[in-house]
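>>> 3D model of this:
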Amino acid sequence: MERWSERIHAVAQRALLRGALEPIATDAIERCEHGFPFVLRWVSTLARKPPPANTQESKRHNPFLPPEPELTVGALGARHLVVLNKYPVFSGHTLIVTRDFEPQTAPLSGDDFLAWYALLAEGGLGFYNGGEIAGASQPHRHLQWIPDGHLGKEQLHAFLPPGETGWAELPWAAWHEPLPLHAEDADWGAAAHRAYCAALVAMGWSPDASQLPPYDLLLRLDRLFFIPRRVERLAGVSVNALGYAGSLFAASPEKLRALAALDLVEGLCTLGWPRAELASGKR
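The predicted structure is shown next:
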């Protein structure tokens with residue numbers, strides 16, 4: 001059976017030829033702060049990307065109901081579709097969207113993690129922006145995946161360090177849960193969902209809530225990082241989960257320079273919580 005990454009690449013090539021994918025133009029600044037390697041990019045497509053829509057607007061004009069045929073890679077189980085990101089952050093940037101409208105702010109299900117496994121089993125990084133404050137641009141549920149090769153090993157090691165369950169040894173609050181690297185798909189999906197629920201409970205949030213406060217997720221096949229959020233923007237730049245993997249994206253060269261002038265480690269703490277605050281039980 002053809003791998004998902006091969007199917008994604010083939011659909012992306014056709015979509016580029018047909019103009020369905022917006023071309024990427026970037027300038028990048030590399031920074032290392034307190035041992036954390038950051039890459040800041042000006043991404044030209046961000047200026048053309050529609051602003052976040054509220055729930056009612058999304059139901060009237062929802063790019064995932066249905067997704068563009070040229071961007072649709074295929075069905076993934078009974079509940080999800082694999083779709084190319086029209087405004088890709090990186091080549092191969094892919095979304096796993098629910099077939100019907102489900103809110104981005106509702107808790108994730110075991111089926112969501114099982115769908116994620118299909119792509120993560122081929123490597124790469126999964127991420128999720130739980131609400132507009134966490135960097136979500138659409139209220140319709142969409143899990144995200146980027147293939148290996150876009151984030152450096154130094155970035156992944158610094159921002160997603162190995163460790164045991166608990167608040168990771170990072171300046172910002174990030175709950176870490178190890179995942180079973182060699183598990184079968186259904187077992188991995190169930191384990192990842194349990195890890196996610198444990199992170200919610202660590203924050204004092206209910207996995208059964210109809211809506212959750214804002215948070216970001218970073219997901220590798222062997223680990224999950226959960227980052228609670230309080231603020232969306234840093235120097236006017238919306239920061240999503242990839243910011244907590246060392247990658248930030250500005251919509252203009254001016255905003256890129258403003259971002260580069262900041263202490264980024266301190267900035268990530270202000271967008272969420274300093275680790276010491278949550279590790280000590282403060283909310």
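>>> quick one: low-confidence parts of the stretch 151-283 of the chain?
For the stretch 151-283 of the chain, the stretches with pLDDT under 70 are 282-283.
>>> Break down it into its strands, ranges please.
For the stretch 151-283 of the chain, the strands defined by DSSP state E, counting those that start in this stretch occupy 166-167, 175-178, 215-220, 223-228, 233-234, 237-238, 247-250.
>>> Which among those is found nearest to Arg275?
The closest of the strands of the stretch 151-283 of the chain to Arg275 is strand 166-167. By Cβ to Cβ, the value is 5.7 Å. From N, CA and C alone the C-beta is placed, and that goes for glycine too.
>>> Tell me where the stretch 1-150 of the chain is predicted with low confidence.
1, 23-25, 45-60.
>>> on that earlier part again, which of the strands of the stretch 151-283 of the chain sits most buried?
Of all those, strand 247-250 carries the top mean neighbour count, a mean of 26, counting by mean count of other Cβ atoms under 10 Å.
>>> Out of the strands of the stretch 151-283 of the chain, which gets nearest to Leu108?
strand 215-220 (8.1 Å).
>>> can you redo the strands of the stretch 151-283 of the chain as TSV with distance to Ala186?
Shown next, in TSV, are the strands of the stretch 151-283 of the chain (distance: least, Cβ to Cβ, whole Å):
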stretch	distance to Ala186
strand 166-167	26
strand 175-178	18
strand 215-220	17
strand 223-228	17
strand 233-234	39
strand 237-238	35
strand 247-250	31
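>>> so which of the ones you listed gets nearest Leu151?
Comparing the strands of the stretch 151-283 of the chain by Cβ to Cβ, strand 247-250 comes nearest, at 6.5 Å.
>>> partners of the closest one, with directions?
Strand pairing for strand 247-250, using DSSP bridges, gives strand 36-43 (parallel).
>>> thinking Ala115 is in contact with Val97, fair?
No. Counting by Cβ atoms under 8 Å, Ala115 sits too far from Val97 to count as a contact (9.7 Å).
>>> Give me the common contacts of the two.
The contact sets of Ala115 and Val97 overlap at 80, 143 (Cβ atoms under 8 Å, 6 or more residues apart in numbering).
>>> Same drill for the two, tell me which one is more crowded.
More crowded of Ala115 and Val97, by other Cβ atoms under 10 Å: Val97, with 27 against 23.
>>> Only C-alpha atoms, please: export the helix or strand where the more buried one lies in PDB.
Taking DSSP states H and E as the definition, Val97 sits inside strand 94-98. Only the C-alpha atoms of strand 94-98 are listed here, as PDB (Å, rounded to 0.1, in the frame of the first residue of the first chain):
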ATOM      1  CA  THR A  94      -0.900  18.400   6.000                       C
ATOM      2  CA  LEU A  95      -4.200  18.600   7.900                       C
ATOM      3  CA  ILE A  96      -6.400  15.800   9.200                       C
ATOM      4  CA  VAL A  97      -9.900  17.300   9.300                       C
ATOM      5  CA  THR A  98     -13.100  15.900  10.500                       C
END
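>>> Check which helices and strands that strand sits against.
strand 80-84, helix 110-120, strand 142-146 (3 or more Cβ pairs under 8 Å, 6 or more residues apart in numbering; DSSP states H and E).
>>> Among the ones you listed, which comes closest to Ala202?
Comparing these by Cβ to Cβ, helix 110-120 comes nearest, at 17.6 Å.
>>> tilt between that closest one and strand 80-84?
Put simply, helix 110-120 runs at 40 degrees to strand 80-84, going by axes from the mean of the first three to the mean of the last three Cα atoms, to 10 degrees.
>>> C-terminal to helix 110-120, what's the next element?
Trace forward from helix 110-120 with DSSP H and E and the next one is strand 125-130.
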